[in-house]
Each structure stands twice: as structure tokens, then as C-alpha cells.
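Got a predicted structure here, sequence first:
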Amino acid sequence: MSTRQRIVQVAVPAPLRKTFDYLLPENTGSGVQPGLRVRVPFGRRELVGVVMGQTDRSDIDASRLKRISSVIDPQPVLPEMLMRLLQWISSYYHHPVGEVMQTALPVLLRRGHAAAAVGEEKWALTDAGKELDLSTLTRAPLQKRMIETLRARDSALGSHDLAEISKGWRNAIRQLEEKGWVASRYEDCLTAPDTSLLAAPEMTPAQATAVASVSKDIESFAAYLLYGITGSGKTEVYFQLVQQVLAAGRQALVLVPEIGLTPQLVDRFRQRFAVPIAVLHSGLSDNERLCAWVSARDGRAGIVLGTRSAVFSPFANLGLIIVDEEHDGSFKQQDGLRYHARDVAVMRASREDVPIILGSATPALETLRLAKEGKYSLLELPERAQSASLPEVKLLDMQHLKNNDGLSRPLVQAIRERIEKKEQSLLFLNRRGFSPVMMCYDCGWIAPCQRCDARMTLHKRSGRLRCHHCGAERPMPQTCPECESENIHPIGEGTERVEQALEALFPEARIMRIDRDTTRRKGELEEKLERVRQGEVDILVGTQMLAKGHDFPNITLVGILNADQGIYGSDFRAPEIMLQRIIQVSGRAGRADRHGEVLIQTWHPGHPVFKALKTHDYNSFAEQELQQRKAANYPPYCHFALMRAEATAAGEALHFLQRAQTVGRAMAPEGVELLSAVASPMERRAGRYRAQLLVQSNERKPLHGFLDRWLDTIEQEKQSKRVRWSLDVDPMDMY
Ligand code: ADP
Ligand code: ZN
Ligand code: ZN
């Protein structure tokens with residue numbers, strides 16, 4: 001036997017920050033390339049891993065090394081560039097490389113499925129099925145329901161849609177197939193181009209300047225901040241650049257926030273480009289996802305349009321990256337690999353040597369700082385593209401106004417005027433449910449969650465109390481559980497209460513509520529938004545689901561009900577996020593040629609956030625806020641890493657972090673500072689006690705070096721196995 005056995009380093013989906021060594025499989029000539037998937041024995045299981053590299057030596061004795069069971073792919077599934085990006089992600093976020101690979105791969109590839117697209121199996125009614133007399137199916141109610149659904153939707157349905165009807169859909173559909181009423185086919189995952197394409201409008205001078213700045217050097221890396229007010233036509237700038245990239249035979253990656261990826265946006269792309277578009281979002285079936293992934297890798301998809309994880313798509317020939325609404329919080333993943341898709345996208349663009357455009361009306365302060373320092377080039381669109389002017393903003397000082405169910409009289413009056421003029425109103429309230437508190441007026445009891453340090457929200461229509469933090473629920477009590485008084489009342493308002501109040505005030509009006517409670521079914525949000533656009537709604541009430549780039553041409557009034565929520569929040573980013581949200585929601589008003597008005601209810605009309613809103617001046621607010629962050633040494637001037645821990649026993653998580661703090665302080669280099677471990681602001685959540693420890697540094701390099709050494713040490717601690725802990729680099733929320 002040869003003593004110089006080649007050893008393969010494999011990224012295995014295990015929560016350990018290292019690769020694992022294996023011997024080459026029998027009869028493998030020269031070796032295995034990085035990026036190939038392999039099956040390897042791991043403990044008592046067999047796992048699918050990705051080859052990272054080969055070496056001649058291992059810390060483990062060669063006689064104890066196990067052998068790769070089989071090589072899955074003929075070609076690497078991950079291009080070399082992407083492999084290196086993923087390695088960088090693993091080291092930047094200090095996350096196990098095997099888990100990073102898992103996050104980047106579609107589910108079917110994680111399971112060892114061939115890296116080829118089969119498309120999505122979909123079922124549609126045959127002619128016989130369309131004409132069938134349903135009364136013949138009374139003894140097969142599930143089959144009957146499936147036919148009814150297929151008729152109502154009038155399109156082929158995939159496993160996703162059918163599973164919503166019943167868990168037993170597979171059996172029922174097979175029986176329908178046997179009877180010849182339903183037939184299946186494999187559908188391509190790419191949206192086909194429209195036959196009649198829309199011509200590009202003539203660009204405004206600002207758009208033309210922005211496009212020209214990027215196109216003069218479109219073949220190499222540069223990062224741009226496209227800072228354009230709502231309605232300024234940022235999308236048209238994207239389109240022009242995508243057009244150039246496609247013309248050069250290359251592909252474009254467009255990242256959008258979770259709620260921003262609506263059929264409306266997909267349609268806008270389809271109407272402009274004669275190339276197949278791969279759309280990637282969380283609602284895809286495993287087959288659809290793999291199909292989109294493969295078509296991007298093979299270059300068949302000219303455009304990949306997707307949410308956060310689309311940043312990991314492989315490309316045959318990537319030429320441009322766009323991140324729309326770059327400030328949006330949904331780009332940051334909040335569990336597992338806590339990456340920020342915008343930041344990863346910038347790193348990717350630089351490695352692939354292609355331009356990246358970050359677009360927003362309200363850029364993140366992190367991004368603004370980089371633009372100010374010249375690291376990103378600034379492209380500005382200061383005016384609306386069409387004649388519509390910006391809406392007029394008025395503050396309603398709630399200290400001097402009576403309000404019923406959260407609605408002040410001037411706001412009610414303004415809604416009434418819109419109804420008379422047959423225009424639409426949008427009311428924004430960042431809280432769902434009927435009321436956030438249920439209280440006994442006799443003894444002061446407040447409905448608590450048993451598993452969290454939080455109150456339960458009343459959902460009156462369903463007659464239940466629900467915890468918005470852990471999902472616990474119970475029936476709404478009729479009497480106080482403490483003193484048996486019947487004098488218990490809901491306090492404060494959520495969207496449900498406002499909806500009910502509006503129904504009483506405007507019995508003739510058509511009122512629609514949009515929040516997570518009213519949009520649970522897949523496609524329900526899109527249906528509702530479409531009804532608003534069709535003019536079937538007079539008053540729209542909703543949460544921040546309404547804040548994204550939906551276009552509602554007939555909305556002329558926007559009411560912000562509780563603008564103060566957030567400005568005095570515990571998180572230093574609260575004012576930034578609140579202002580971004582209000583500006584985005586306000587941007588819905590007066591987008592066509594109608595004049596818009598924004599009414600903001602506040603108890604603190606003197607707060608600088610509102611001054612900025614009145615004058616549409618995000619810039620000077622941002623300037624001020626940046627100065628404060630600098631003075632307080634907060635991000636973006638200082639870099640944070642937050643270690644979180646949780647455990648079922650009280651005090652255990654905190655104790656673990658105190659130990660981590662002691663260990664860390666002893667090894668931290670100058671400039672890297674560990675604050676004290678503390679209980680989280682909401683210490684108990686879903687029955688677990690939580691704590692956190694903040695590490696900060698003005699320089700990234702010493703911070704990351706420290707984090708590596710620190711985690712290595714902590715992982716050796718016995719206690720680290722008993723508590724659940726994680727590290728969040730560049731955390732977006734601090735609790
Ligand atoms: P943003 O994304 O910046 O909020 P949009 O791209 O949605 O703005 O554009 C707002 C509206 O202006 C859209 O209806 C769009 O079709 C229109 N628009 C954009 N650019 C032009 C242009 N150059 N000429 C005419 N209309 C335009
Ligand atoms: Zn009571
Ligand atoms: Zn709870």
C-alpha cells in the first residue's frame with residue numbers, strides 16, 4: 001500500500017468549524033476536484049459533503065481515516081469562484097463551512113439528487129375532468145375538492161398548491177389521473193418572456209446620468225449607491241443596465257426584499273426582456289428551486305430575480321448585481337448562518353469583477369457612510385420620474401387631539417373626503433391583532449404569556465389571546481383569572497381594532513386589512529394587492545407589509561397611526577428603521593398624477609425624525625444620525641459581534657456567557673472590547689432563558705482574528721454543549 005495516500009478535505013453538514021479528512025475512494029485515479037459532492041460515512045450515518053481540497057497530511061492517523069463512499073457528481077456542482085466566496089463567508093461569519101455549503105445548495109442537492117433540472121410536476125384538468133358532473137363524486141369528497149380547486153384556479157397546480165388542500169393529496173390526485181380527469185406534465189421553472197415587449201421610456205436626465213456612469217466601465221467591479229426618492233424610477237435604471245449586460249451575452253442577478261418580490265415586479269421584468277427569468281423565493285417547491293438553480297448555472301436564465309438566498313446562485317457568466325431596497329432588514333438572515341445578503345453581494349461582485357448597484361430611497365447608514373467616504377460611487381435621482389410631486393406631509397399632534405380606537409378626528413375627516421372623491425386611503429400601523437394588552441380594571445391583571453416575558457395580544461375575531469413571540473395561544477378569558485371580575489378590557493390598538501373602528505365609522509366603505517393574519521394562504525397577499533390596484537377597496541389598513549414597493553396609483557392619503565412606536569425603542573437603529581418605513585409607506589401616496597397627502601399621528605411632533613419627514617429630507621436626518629453614531633461609537637463606525645445564548649434553566653445562559661466573557665477578555669487584543677454579559681431585554685422566550693454578550697472593535701481585522709481564537713476556546717468548554725449559543729457578526733437587532 002502506498003504511504004503517500006492523498007487525503008480529501010470534505011465540508012460535512014455538521015456544526016463544527018472545520019473540514020473533515022477522508023481517503024480517496026477506491027479506484028480513483030488522480031483525485032477529486034473541489035466542488036464535487038461526495039457521500040461520506042460520518043458517525044453512524046452517511047452524509048452528503050462537498051470536496052474542499054486535497055492534501056498529503058492529516059492530523060488523524062491514516063489508519064483511522066475513513067474512505068469516501070462515493071463521488072456523486074461528474075463535474076463540480078459549485079463553480080470555483082462560488083466555492084471561494086463560500087469559504088470567505090464561513091470565515092467572516094465564523095460559521096461551519098459545511099453548514100455554509102448547505103445554506104448555499106438547493107435542498108435536493110443537499111440530499112444528493114443529481115444536479116440536473118427535471119422541472120416541476122404540475123396537474124391540470126383534462127377535457128373530461130372539466131366537464132365532469134361533480135355530483136358523481138359525493139363519496140370521494142377530497143377528489144371533489146381537488147377538481148373544484150383546479151376549476152377555480154384555472155391553471156395547472158403543483159405539489160405546493162395541492163398540499164394546501166390536504167395532506168392526502170397524492171393519493172387523491174393519482175386516483176383522478178387513473179380516471180382520466182387529471183393529467184400531469186413537467187413545467188419549466190423559468191418564466192417565459194412575454195410575446196409583446198414594452199419599449200423603454202425616454203430616460204430622465206438624472207436616470208441617463210446614472211446609467212452612463214455605470215456603463216462607462218460595466219466590465220469591472222465598482223459599487224454604486226443609487227439613491228433615488230420613491231417614484232424616481234430606479235427600476236428603469238436597473239433595466240437599462242440589465243439590457244446592456246444581456247446584450248453582451250452575460251447574466252444579471254437582482255436581489256429584492258422578501259415582500260418586494262411580487263408578481264407585479266416579475267411582470268415588469270418579463271415585459272421588458274426577451275430572456276428566460278429564474279425567480280427564486282421561499283415559496284418554491286424543491287424541484288422548482290433546483291430547476292432555477294441549474295438554469296442559472298447553465299446560463300439559460302438571463303436574469304435571476306430572487307430574495308436573500310439567491311445571492312448564492314451559480315452563474316455561467318455573471319455580468320451585474322443589483323440589490324433593490326438595499327436597506328431592507330430581510331436581507332439579513334436571522335438564524336443559522338446569519339449572513340447579510342447585501343454585504344455578501346458586494347463581496348461577490350468584487351470577486352467576480354462585476355459592477356453592483358445598491359438602490360434605495362432610504363439607504364442604510366452603513367451604505368451611506370461608504371458612499372460618503374468614496375468607497376461606493378453615489379448616483380442620485382432627486383425627483384420623481386413622472387410629473388407627480390411628493391406628497392404633502394402633516395403632523396397631527398396627538399397631545400391635543402381626541403382619538404377613538406387610534407384614529408384622530410382630522411384623520412377620519414381626511415378619509416371621509418377621499419371616499420367622497422372615490423380615491424383610496426392607506427393606514428399604516430405596525431401592530432397586528434386587536435390590542436396588544438388585555439387588562440383587568442379592578443385588580444390590574446394583564447394577560448401574560450406563560451413562556452415569555454411578554455404580554456399576549458388579543459385577537460378578537462378569533463376570540464383568542466396569542467403571543468407574538470412564541471406563538472402560544474389560548475381562548476380569550478371572559479372574566480379576570482385573578483379576581484373573577486368581568487371588568488377586563490383591551491388596551492391599545494392593532495390593525496384588527498382599527499379595521500373594526502373603520503367599519504363602524506364608514507359602513508358603506510370597502511375596507512381591507514393586510515397583515516400576517518390576513519395573508520396566510522400562498523398567493524393571498526398578491527390577490528389582495530391586485531384588488532387594491534383594481535379599485536375594489538376604499539380603505540386599506542395594514543402593517544409594514546404595505547411598506548414595500550407596491551404601486552397603488554389611486555391612493556392619495558396615507559395615515560401613519562402610531563409613528564412613535566420605535567423612535568424611543570431600545571435598539572439604536574430604531575429611529576433609522578422607523579424613518580425608512582414611514583418614508584416607504586408615504587411613497588405609496590400620489591404616485592400617478594394625483595396629489596398625495598400624508599398624515600402622521602404623533603405624541604412627539606418635535607422629534608427630529610418628524611422634521612425630516614415633513615421636508616422629505618432623509619439626508620439631513622441621516623447626517624445627524626451618523627454624527628451621533630460616531631460620537632457614541634456605534635455602527636457603522638464600530639463593528640459589532642453579538643454572542644447569544646439560551647438555556648432552559650434560569651441563569652445558565654448568562655453564566656455561560658460570563659465565562660465566555662472572562663475567557664475572551666483575557667485573550668482580546670487591544671481595540672477589541674467585550675462588554676458585560678447581560679440577560680437579553682426579553683429574557684424568557686418560548687420557555688428558554690436568554691442572554692447576550694457584545695464584542696466591539698473599530699477595526700475588522702483584529703476583531704475577526706480574536707473571534708476565531710475565542711470560539712476555538714469556547715468550543716472546548718464543557719458548558720458550551722449544554723446551552724444553545726451562536727455568534728452574530730454585524731447583528732441587525734440587539735436582542
Ligand atoms: P422607484 O423604484 O424609484 O420608486 P419606479 O421605478 O417604480 O420608481 O418608477 C415610478 C414610476 O415612474 C413608474 O410608474 C415608472 O414606470 C415611471 N417611470 C420611470 N422612469 C420613467 C421615465 N423615464 N419616463 C416615464 N416614466 C418613468
Ligand atoms: Zn382582576
Ligand atoms: Zn410567548
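Thanks, I have it. Ligands and ions are numbered 1, 2, ... in the order given.

which neighbours does the host helix or strand of residue 599 have in its sheet, and in what orientation?
In the assignment (DSSP states H and E), residue 599 maps to strand 597-602. Sheet pairing for strand 597-602, assigned by DSSP bridges, gives strand 392-397 (parallel), strand 555-560 (parallel).

Which helix or strand lies directly C-terminal to the last one?
What that stands for is strand 555-560. helix 574-586.

what do you get for the first one?
As assigned by DSSP H and E, the chain's next helix or strand after strand 392-397 is strand 403-404.

just checking, residue 704 touches residue 92?
Yes: using C-beta atoms under 8 Å, residue 704 is in contact with residue 92, at 7.1 Å. The C-beta positions use only the backbone N, C-alpha and C, and glycine is treated the same way.

which of the residues in stretch 290-301 are buried?
290-297, 300-301 (16 or more other C-beta atoms under 10 Å).

what do you get for stretch 434-442?
Applying 16+ other C-beta under 10 Å to stretch 434-442 flags 434-436, 438-440 as buried.

quick one: is it near ligand 2?
Yes: residues of stretch 434-442 contacting ligand 2 under C-beta under 5 Å from the ion: 440, 442.

Can you pull the residues of this protein lying near ligand 1?
By C-beta under 6 Å from any ligand atom, the part of the chain that sits against ligand 1 consists of 201-204, 207, 228, 230-236, 385-386, 549.

Recalculate using a threshold of 5 Å.
Applying C-beta under 5 Å from any ligand atom, we find that the chain lies next to ligand 1 at 201, 203-204, 228, 230-236, 385-386.

In helices only, show me the buried residues of stretch 290-301.
Judged by DSSP state H, the subset of those located in helices is 290-297.

residues contacting residue 469?
Residues in contact with residue 469 (C-beta atoms under 8 Å, 6 or more residues apart in numbering) are 449, 452, 454, 682, 685-686.

Nearest to residue 731 among these?
residue 682 (15.5 Å; C-beta to C-beta).

How is this protein divided into domains?
Split into domains by automatic domain parsing, the chain comes to 2-110, 120-187, 205-386, 388-435+492-627, 639-729.

quick check: mean pLDDT across the shortest one?
Mean pLDDT, computed over domain 120-187, is 86.

how about the strands of the stretch 51-200 of the chain, start to end?
For the stretch 51-200 of the chain, the strands defined by DSSP state E, counting those that start in this stretch occupy 70-71, 120-125, 157-158, 182-187.

Can you show me the helices along the stretch 551-700 of the chain?
Using DSSP state H, counting those that start in this stretch, the helices found in the stretch 551-700 of the chain span residues 574-586, 608-614, 618-632, 652-667, 700-716.

which residues touch the second one?
Outside helix 608-614, the residues within contact range by C-beta under 8 Å, 6+ apart are 393-395, 563, 567, 575, 578-579, 582-583, 586, 598, 600, 602, 604, 617-618, 620-621, 624.

How far away from the center of its chain is stretch 177-194?
Relative to its chain's centre, stretch 177-194 lies at 30 Å (C-alpha atoms, centre = their mean, to the nearest Å).

no, scratch that, I was asking about stretch 199-218
On the basis of C-alpha atoms, centre = their mean, stretch 199-218 sits 29 Å off its chain's mean C-alpha point.

model confidence over it, on average?
96.

Need the CA coordinates for that stretch. PDB is fine.
The C-alpha trace of stretch 199-218 is given here as PDB (Å, rounded to 0.1, in the frame of the first residue of the first chain):
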ATOM      1  CA  ALA A 199     -40.400  49.700 -25.100                       C
ATOM      2  CA  ALA A 200     -38.100  51.700 -22.800                       C
ATOM      3  CA  PRO A 201     -39.400  55.100 -21.900                       C
ATOM      4  CA  GLU A 202     -37.100  58.100 -22.600                       C
ATOM      5  CA  MET A 203     -34.900  58.400 -19.600                       C
ATOM      6  CA  THR A 204     -35.000  61.500 -17.400                       C
ATOM      7  CA  PRO A 205     -31.700  63.400 -17.300                       C
ATOM      8  CA  ALA A 206     -30.900  62.000 -13.900                       C
ATOM      9  CA  GLN A 207     -31.600  58.500 -15.000                       C
ATOM     10  CA  ALA A 208     -29.400  59.000 -18.100                       C
ATOM     11  CA  THR A 209     -26.500  60.300 -16.000                       C
ATOM     12  CA  ALA A 210     -26.800  57.400 -13.600                       C
ATOM     13  CA  VAL A 211     -26.800  54.800 -16.400                       C
ATOM     14  CA  ALA A 212     -23.900  56.500 -18.200                       C
ATOM     15  CA  SER A 213     -21.800  56.500 -15.000                       C
ATOM     16  CA  VAL A 214     -22.100  52.700 -14.700                       C
ATOM     17  CA  SER A 215     -21.900  51.800 -18.300                       C
ATOM     18  CA  LYS A 216     -18.600  53.600 -18.900                       C
ATOM     19  CA  ASP A 217     -17.000  50.800 -17.000                       C
ATOM     20  CA  ILE A 218     -19.500  48.000 -16.900                       C
END
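
show me the contacts for residue 323.
Residues in contact with residue 323 (C-beta under 8 Å, 6+ apart) are 255, 331, 341-342, 345, 356-359.

so who does the nearest residue to residue 315 once chain neighbours are set aside touch?
Nearest residue to residue 315 in three dimensions, chain neighbours excluded: residue 251, at 5.1 Å (C-beta to C-beta, 6 or more residues apart in numbering). By C-beta under 8 Å, 6+ apart, the contact set of residue 251 is 245, 296, 299, 301-304, 315-319.

out of these, which are buried?
Buried members of these, scored by 16+ other C-beta under 10 Å, are 245, 296, 301-304, 315, 318-319.

can you name the two of those residues that are farthest apart?
245 and 296 (14.1 Å).

residues near residue 148, how many?
Using other C-beta atoms under 10 Å, the number of residues around residue 148 comes to 13.

That one touches residue 137, doesn't it?
No: Residue 148 is beyond contact range of residue 137, at 9.5 Å (criterion: C-beta under 8 Å).

Against residue 260, how distant is residue 541?
Per C-beta to C-beta, to the nearest Å, residue 541 is found 20 Å from residue 260.

Let me know the secondary structure of residue 366.
helix (DSSP: H, G, I helix; E, B strand; the rest coil).

sorry, back to before: turn the contacts of residue 323 into a markdown table, including secondary structure, pLDDT and neighbour count.
A markdown table is the format used below for these (DSSP: H, G, I helix; E, B strand; the rest coil; pLDDT from 0 to 100; neighbours: other C-beta atoms under 10 Å):
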| residue | secondary structure | pLDDT | neighbour count |
| --- | --- | --- | --- |
| 255 | strand | 97 | 30 |
| 331 | helix | 97 | 25 |
| 341 | helix | 98 | 24 |
| 342 | helix | 98 | 24 |
| 345 | helix | 98 | 23 |
| 356 | strand | 98 | 26 |
| 357 | strand | 98 | 27 |
| 358 | strand | 98 | 27 |
| 359 | strand | 97 | 26 |
